[in-house]
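K.L.:
Based on what follows, work out the 3D shape:
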Amino acid sequence: MSIVVQKYGGSPVADATSIKRVAQRIVATKKAGHDVVVVVSAMGDTTDDLMELANQVSPLPPGRELDMLLTAGERISMALLAMAIGNLGQDARSFTGSQAGVITDSEHGRAKIIDVTPGRIEAALAEGSIAIVAGFQGVSQTSKDITTLGRGGSDTTAVALATALKAEVCEIYSDVDGIFTADPRIVPTARQIPRISYEEMLEMAANGAKILHLRCVEYARRNNMPIHVRSSFSTKEGTWVVDAESVKDGANMEQAIISGVAHDRSEAKITVVGVPDKVGEAASIFRALAQAAINIDMVVQNVSAAATALTDISFTLPREDGQKAMTALARLKDDVGYERLQFEDSVGKVSIIGAGMRSSPGITASYFESLANAGVNIEMISTSEIRISVIVAENQVDAAVNAAHEAFGLGSDEVEAVVYGGTGR
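P.N.:
The predicted model follows:
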């Protein structure tokens, strides 16, 4: 029998009623003739609640103990789901990440998967059981300590297990009916995308689309594992994330120029003002940020003023890393000799994504014209082969998303999107 891996996010298992509904869907998949492996997230906001509790006890909880605490949420979900499946007459066995063979490095809070050795999962499937695996967690290859994979870790767990088990598909269940051309909370007429390529989904995930995590899509693309994004609250077809050729085959026509509009309100902007225009100064700045483990997104350097031979360097980064970045840069002031630092956290990023723009001139002009007509000022610009991103004031993000969505004709004639659980995950 073919193996199907299903992942259920926090909203689909938020309470006992939801868990029973998910159990019925899993059992139906089993009865349809598939071996089923299920990856679950913690119930609802359990992880956030545990994090808050840890911070009440300790302002700086040790990484090892925090991981031990946070993984309890998924263990609760997996055990309750196994019980619910048992009540429906099917045998289910629950496994922690380490029991499932998810081997990681030793970086607590954001571990990376090194290998998956799913021997116990395969044994359970061979005996006719449904395997329930706690997502978001693994075990360090060196220290043997419990680790967590960071944001979106359950998605990554599911794709990694699907790859190791040579599954037919990895189904990601959330509380929306698939992937849409924009966030339906901002654009009510956003249209569902039937198929999207790994490359386009990577860009959407990297630029703020919350439905799939970036690492999950990277893992799937590397191993050519199809991802099927669906809602656990409906039986609609959802969205397939596959290779570009399969997107064309499925659509039976040329791909749309623009696939969707993504936005991100979690970024901040730092400007290093008055940097001497000398070889190596930019390298010193970004080396200090790298040593502080800060990821940089967009970078702009102005042409130096002839009179002063000074330039400004602006870049964006995760807002939560803003203070750490300012501290790291402050230590460089005497060495680099810049004048001052500026920090702005009231910004947002809006991106258009589409493989079709490779062969379609005028996309940039159309995008910028749509923003200008909506009165949106552009602060920074970044591009790739299939993406154009801009930084705008945070209070203009909604206007920018709607303007871009309308400019490229991405809307539907009717409201398609329903967020059943309220979070979109």
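
K.L.:
With only the CA atoms kept, save stretch 195-211 in PDB.
P.N.:
In PDB, the C-alpha atoms belonging to stretch 195-211 read as follows (Å, rounded to 0.1, in the frame of the first residue of the first chain):
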ATOM      1  CA  ARG A 195      -0.900  24.300  -8.300                       C
ATOM      2  CA  ILE A 196       2.200  26.200  -7.500                       C
ATOM      3  CA  SER A 197       5.800  25.500  -8.100                       C
ATOM      4  CA  TYR A 198       8.400  24.900  -5.300                       C
ATOM      5  CA  GLU A 199      10.300  28.000  -6.400                       C
ATOM      6  CA  GLU A 200       7.200  30.300  -6.300                       C
ATOM      7  CA  MET A 201       6.200  28.800  -2.900                       C
ATOM      8  CA  LEU A 202       9.700  29.300  -1.600                       C
ATOM      9  CA  GLU A 203       9.500  33.000  -2.500                       C
ATOM     10  CA  MET A 204       6.000  33.300  -1.000                       C
ATOM     11  CA  ALA A 205       7.100  31.600   2.300                       C
ATOM     12  CA  ALA A 206      10.300  33.700   2.500                       C
ATOM     13  CA  ASN A 207       8.300  36.900   2.000                       C
ATOM     14  CA  GLY A 208       5.600  36.500   4.600                       C
ATOM     15  CA  ALA A 209       3.100  33.900   3.400                       C
ATOM     16  CA  LYS A 210       2.400  31.900   6.600                       C
ATOM     17  CA  ILE A 211       0.700  28.800   5.200                       C
END
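
K.L.:
so the nearest residue to Thr308 once chain neighbours are set aside, which of the three states?
P.N.:
Nearest residue to Thr308 in three dimensions, chain neighbours excluded: Gly274, at 7.7 Å (C-beta to C-beta, 6 or more residues apart in numbering). Every C-beta, even on glycine, is put in place using the N, C-alpha and C of the backbone. Classification of Gly274 by DSSP: H, G, I helix; E, B strand; the rest coil places it in strand.

K.L.:
surely Gly274 meets Leu310?
P.N.:
Yes - using C-beta atoms under 8 Å, Gly274 is in contact with Leu310, at 4.6 Å.

K.L.:
Identify the contacts common to the two.
P.N.:
Glu339 (C-beta atoms under 8 Å, 6 or more residues apart in numbering).

K.L.:
To which secondary structure element type does the residue lying closest to Gln291 once chain neighbours are set aside belong?
P.N.:
Distances taken as C-beta to C-beta, 6+ apart place Ala328 nearest to Gln291, at 7.4 Å, with adjacent residues excluded. Ala328 carries the three-state label helix when classified by three-state DSSP.

K.L.:
Could you shift the numbering so residue one becomes 3, and keep it that way?
P.N.:
In the new numbering, first residue 3, that becomes Ala330.

K.L.:
which residues does the residue nearest to Thr310 contact?
P.N.:
Thr310, Leu312, Thr313, Asp314, Tyr340, Glu341, Arg342.

K.L.:
swap in Ser261?
P.N.:
Thr183, Ile195, Ile198, Glu202, Met206, Ile355, Gly356, Ala357, Gly358.

K.L.:
rerun that using 6 Å as the cut-off
P.N.:
Shown in contact with Ser261 (C-beta atoms under 6 Å, 6 or more residues apart in numbering): Ile198, Glu202, Ile355, Gly356.

K.L.:
Once you drop chain neighbours, what's closest to the third one?
P.N.:
The shortest distance from Ile355 to any residue other than its chain neighbours is 4.4 Å, reached at Glu205 (C-beta to C-beta, 6+ apart).

K.L.:
and the one you found, what element?
P.N.:
Using DSSP states H and E, Glu205 maps to helix 200-208.

K.L.:
just to revisit the earlier point, give me the buried subset of the contacts of Gly276.
P.N.:
Burial by neighbour count, judged by 16 or more other C-beta atoms under 10 Å, picks out Leu312, Thr313, Asp314, Tyr340 from these.

K.L.:
next structured bit after whichever strand or helix holds Ile134?
P.N.:
If you go by DSSP H and E, Ile134 is part of strand 132-136. Where DSSP H and E defines the elements, the next helix or strand beyond strand 132-136 is strand 139-142.

K.L.:
what comes into contact with that following strand?
P.N.:
By C-beta under 6 Å, 6+ apart, strand 139-142 touches Thr73, Gly99, Ser100, Val104, Thr106, Ser108, Thr149, Thr150.

K.L.:
List the buried residues of stretch 74-85.
P.N.:
Buried, per 16+ other C-beta under 10 Å, within stretch 74-85: Gly75, Glu76, Arg77, Ser79, Met80, Leu82, Leu83, Ala84.

K.L.:
Following the chain onward from the least confident helix or strand in the chain by mean pLDDT, which element is next?
P.N.:
Every helix and strand of the chain was ranked by mean pLDDT, DSSP states H and E. The lowest is helix 246-253, at a mean of 71. The helix or strand immediately downstream of helix 246-253 is strand 262-266, counting by DSSP H and E.

K.L.:
What strands line up against that next one, and which way round?
P.N.:
Applying DSSP bridges, strand 262-266 is found paired with strand 349-355 (antiparallel).

K.L.:
what about the strands in the stretch 53-202 of the chain?
P.N.:
94-97, 104-106, 115-118, 132-136, 139-142, 148-150, 171-176, 197-199 (DSSP state E, counting those that start in this stretch).

K.L.:
From the chain's centroid, how far away is stretch 219-230?
P.N.:
In this view, stretch 219-230 has its centroid 13 Å away from the chain centroid, taken as C-alpha atoms, centre = their mean, to the nearest Å.

K.L.:
Next: stretch 363-382.
P.N.:
Relative to where its chain is centred, stretch 363-382 has its mean C-alpha point 26 Å off (C-alpha atoms, centre = their mean).

K.L.:
quick one: contacts of that stretch?
P.N.:
300, 302, 354, 359, 390, 392-394, 398, 401-402, 405-406, 409.

K.L.:
Ala84 versus the residue lying closest to Ala81 once chain neighbours are set aside, what's the distance?
P.N.:
Distances taken as C-beta to C-beta, 6+ apart place Ser96 nearest to Ala81, at 5.2 Å, with adjacent residues excluded. Distance of Ser96 to Ala84, given as C-beta to C-beta, to the nearest Å: 4 Å.

K.L.:
Who does the residue nearest to Ala81 form a beta bridge with?
P.N.:
Ile134.

K.L.:
In contact with it, which residues are there?
P.N.:
Neighbouring residues of Ser96 by C-beta under 6 Å, 6+ apart: Met80, Ala81, Ala84, Ile134.
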